[in-house]
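**Student:** I would like to see how this sequence folds:
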Amino acid sequence: MTEWMGLVAGTAFAAGLNLYATVATLGLLQRFHVATLPPSLAVLSHPVVIGVALVLFAVEFVADKVPFFDNVWDAVHTFIRPPAAAILAYAAVAGIDEPWRVAAALIAGGVALTSHGTKASARAAVNTSPEPISNGILSTTEDVIAIGLAWLAATHPVLTLVLTAILLVAAVVVLTLIYRLLKRVFGGARTSRPAT
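**Tutor:** Residues are numbered from 1 along each chain as shown. Next up, the predicted model:
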């Protein structure tokens, strides 16, 4: 049970950061026999699925490096990443009772929404800086984390479960800090506005 929980949680967190990199990584790991995914996820190793995921990853890799366009990209993917993570989780646990499958899908969707929300919020905060370098560094770091976490989830799911729990706590802390920063910035702008 701990193993499928690690696979579901790690994959969900990774998908919230970069869905296409996650799917491509899982598919390639299965295709080249580096890891064995549950039979219900074997479709990820099909050349068509891997090819589409890699093309979309390349598109996202470029789109994610363009300041402000990346915010639009993330806004659209709010409706793609969490549902896709839920679908992957539901498929990954095909051998367990239906209520647990639904619960796994709900948890995965929530985990992906948390990592996606943190990514999108951090990116919006970074885009307020006039220099473009930090955006590219942050985007590349997210890609590396997504790929690494997908690999870890497929090969060491128990360790991934612990790591994902730590990442979720860190995400909540980051979201809280960003919220306070934005409140201070926009609150200060409101109070400095001249009275009419």
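**Student:** any idea how far Ser129 is from Leu161?
**Tutor:** 35 Å (Cβ to Cβ, to the nearest Å). (C-beta placed from N, C-alpha, C; glycine too.)
**Student:** Could you check which of these two has the larger neighbour count?
**Tutor:** Leu161 (19 against 11; other Cβ atoms under 10 Å).
**Student:** Give me the neighbour count for the closest residue to the more buried one other than its chain neighbours.
**Tutor:** Of all residues not flanking Leu161 in the chain, Gly6 sits nearest, at 3.7 Å (Cβ to Cβ, 6 or more residues apart in numbering). Residues lying near Gly6 (other Cβ under 10 Å) number 22.
**Student:** Same question for Leu56.
**Tutor:** Leu56, neighbours per other Cβ under 10 Å, totals 16.
**Student:** Sticking with the closest residue to it other than its chain neighbours, tell me its helix or strand.
**Tutor:** With sequence-adjacent residues excluded and distances taken as Cβ to Cβ, 6+ apart, Leu56 is closest to Tyr20, at 4.1 Å. Using DSSP states H and E, Tyr20 sits in helix 2-31.
**Student:** from the middle of its chain, how far away would that helix be?
**Tutor:** With Cα atoms, centre = their mean, to the nearest Å as the basis, helix 2-31 stands 9 Å off its chain's centre.
**Student:** With stretch 97-116 instead?
**Tutor:** Worked out by Cα atoms, centre = their mean, stretch 97-116 lies 13 Å from the chain centre.
**Student:** mean confidence for stretch 169-177?
**Tutor:** Stretch 169-177 comes out with an average pLDDT of 94.
**Student:** List the buried residues in that stretch.
**Tutor:** 171, 174 (16 or more other Cβ atoms under 10 Å).
**Student:** Same check on stretch 146-164?
**Tutor:** By 16+ other Cβ under 10 Å, the buried positions in stretch 146-164 come out as 146-147, 149-154, 156-157, 160-161, 163-164.
**Student:** can you check stretch 78-92 too?
**Tutor:** Under the neighbour-count criterion of 16+ other Cβ under 10 Å, stretch 78-92 has 81-86, 88-92 buried.
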